[in-house]
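# coords please:
(one chain, ligands or ions: 1)
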Amino acid sequence: METRDFQPFLIVLGLMALASLALAFTVDPTMTDESGINPALPDRVGEWRGADVLYCQNPEHQATYLARDLEDLSTCPDCGGELATMSLIEKQILPADTIVLKKQYTSPLGGRVIVSLVMSGKERASIHRPEHCLTGGGSQIVGSHVIEVPIQHRNDLGVKILDMLNKGRTSDGRTVSYASYYAYWFVGKDRETPSHAARMFWMAADRILFNKSHRWSYISVSGSRQADSDAYEQEIKEFIADLYPQMLRSKS
Ligand SMILES: [Zn+2]
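Coordinates of the predicted model:
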C-alpha cells in the first residue's frame with residue numbers, strides 16, 4: 001500500500017482526536033431534530049407489499065406478529081401483553097426516544113424481505129456497528145462488500161452487504177444451514193454512507209465544525225440468498241432503488 005492510501009485514515013484519526021477534545025471541553029452541541037429521512041416505511045415497494053412487524057413486550061412471551069393479522073394493534077392476541085414496534089431487548093438497550101420500525105415485504109412470487117429503520121434520538125448511542133449484533137446464535141458473516149445502487153435522478157447510493165450463513169434446527173432435530181444477506185447504510189442530514197467509521201467521522205465533524213448534532217438513521221434490508229449465486233445483488237439493488245426515494249425527506 002502506498003503512503004497516500006493512508007492519508008484519509010490519518011485525517012480521520014486526527015479529526016477523531018480533535019473531536020474527543022472538543023467534546024470534552026466545550027458545551028453541548030445544539031441538538032437538532034433534523035434527519036435525512038421520514039420516520040416511516042412505505043406500504044409498497046414496487047410489487048412488494050409491506051406489513052408492520054409488532055413485538056409482544058411480555059418477557060415470558062416475546063412473540064412477533066404482522067399488524068395485518070391483528071385487529072387490536074396494541075395488545076398481544078395470545079397473552080394480552082403490550083405490543084410495540086421494537087422488541088423487548090431493543091427497548092431495554094436503546095435510549096427511549098429511539099424510533100425503531102420494521103416491515104416485512106412479500107412479493108407476488110413469494111419472496112420475503114425484512115426492512116428495518118432505526119432513527120437515533122437526542123442521545124446518539126442508538127446506532128451501533130451492525131456486525132456486532134448479527135453474529136452468534138448459529139449465524140456467521142462469511143463475506144462483506146459494498147455495492148453501488150443506481151437511483152433515478154440522483155447519484156448512486158453505497159450499500160454494504162454482509163453475506164451470512166446460518167444454522168438452525170428443524171422440529172425433528174435435524175441441523176439445517178441456509179444463506180442470507182444483510183444490507184445496510186446510514187443516513188444523516190444531507191449525508192449517506194455505508195461505512196460505520198465514516199458515520200462516526202461525520203457526527204464528530206458536524207459537532208466540531210458546525211456545533212450541530214443531527215439525527216442519524218440506520219436502514220437495513222435483509223433476506224435469503226442462494227449460497228452459490230450473486231443474483232440476490234440485483235434484487236437488492238432494484239428493491240432499494242424503489243424503497244429509498246420513498247423514505248427521503250423532500251428538500252424544502
Ligand atoms: Zn404475548
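# What helices and strands are in contact with the helix or strand containing K237?
If you go by DSSP states H and E, K237 is part of helix 232-247. Judged by 3 or more CB pairs under 8 Å, 6 or more residues apart in numbering; DSSP states H and E, helix 232-247 is in contact with strand 44-45, strand 112-119, strand 139-149, strand 157-169, strand 175-188, strand 217-224. The way it works is simple: take the backbone N, C-alpha and C, and place the C-beta from them, glycine included.
# so after the shortest one, what's the next helix or strand?
On the C-terminal side of strand 44-45, the closest following helix or strand by DSSP H and E is strand 48-56.
# same thing with the longest one?
Moving toward the C-terminus from strand 175-188, the next helix or strand (DSSP H and E) is strand 191-193.
# who does that following strand pair up with?
Its sheet considered, strand 191-193 pairs with strand 175-188 (antiparallel) by DSSP bridges.
# Can you give me the buried ones in the helix holding K237?
Y232, E233, E235, I236, K237, F239, I240, A241, D242, L243, Y244, M247 (16 or more other CB atoms under 10 Å).
# about what we covered before: any chance of the helices and strands packed on helix 232-247 in JSON lines with distance to R207 and mean pLDDT as columns?
Formatted as JSON lines, the helices and strands packed on helix 232-247 follow (distance: least, CB to CB, whole Å; pLDDT from 0 to 100):
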{"stretch": "strand 44-45", "distance to R207": "34", "mean pLDDT": "97"}
{"stretch": "strand 112-119", "distance to R207": "18", "mean pLDDT": "94"}
{"stretch": "strand 139-149", "distance to R207": "26", "mean pLDDT": "94"}
{"stretch": "strand 157-169", "distance to R207": "23", "mean pLDDT": "93"}
{"stretch": "strand 175-188", "distance to R207": "12", "mean pLDDT": "92"}
{"stretch": "strand 217-224", "distance to R207": "18", "mean pLDDT": "94"}
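# out of those, which comes closest to the ion?
Between the ion and these, the shortest separation by CB to the ion is 20.2 Å, and it involves strand 112-119.
# Can you name every helix or strand that the closest one contacts?
strand 48-56, strand 99-106, strand 217-224, helix 232-247.
# and the residue of the stretch 151-252 of the chain nearest the ion?
For the stretch 151-252 of the chain, CB to the ion, closest residue to the ion: S171, 21.4 Å.
# how close does E148 sit to I236?
Look at E148 and I236: by CB to CB, to the nearest Å, they are 11 Å apart.
# overlap in contacts of the two?
Common neighbours of E148 and I236, using CB atoms under 8 Å, 6 or more residues apart in numbering, are V159.
# domain assignment for the chain?
42-119, 127-247 (automatic domain parsing).
# worst average pLDDT in those domains?
With a mean of 89, domain 127-247 has the lowest mean pLDDT of these.
# Put together JSON lines for the helices and strands packed on strand 112-119, with distance to the ion on each row.
JSON lines is the format used below for these (distance: least, CB to the ion, whole Å):
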{"stretch": "strand 48-56", "distance to the ion": "3"}
{"stretch": "strand 99-106", "distance to the ion": "17"}
{"stretch": "strand 217-224", "distance to the ion": "24"}
{"stretch": "helix 232-247", "distance to the ion": "30"}
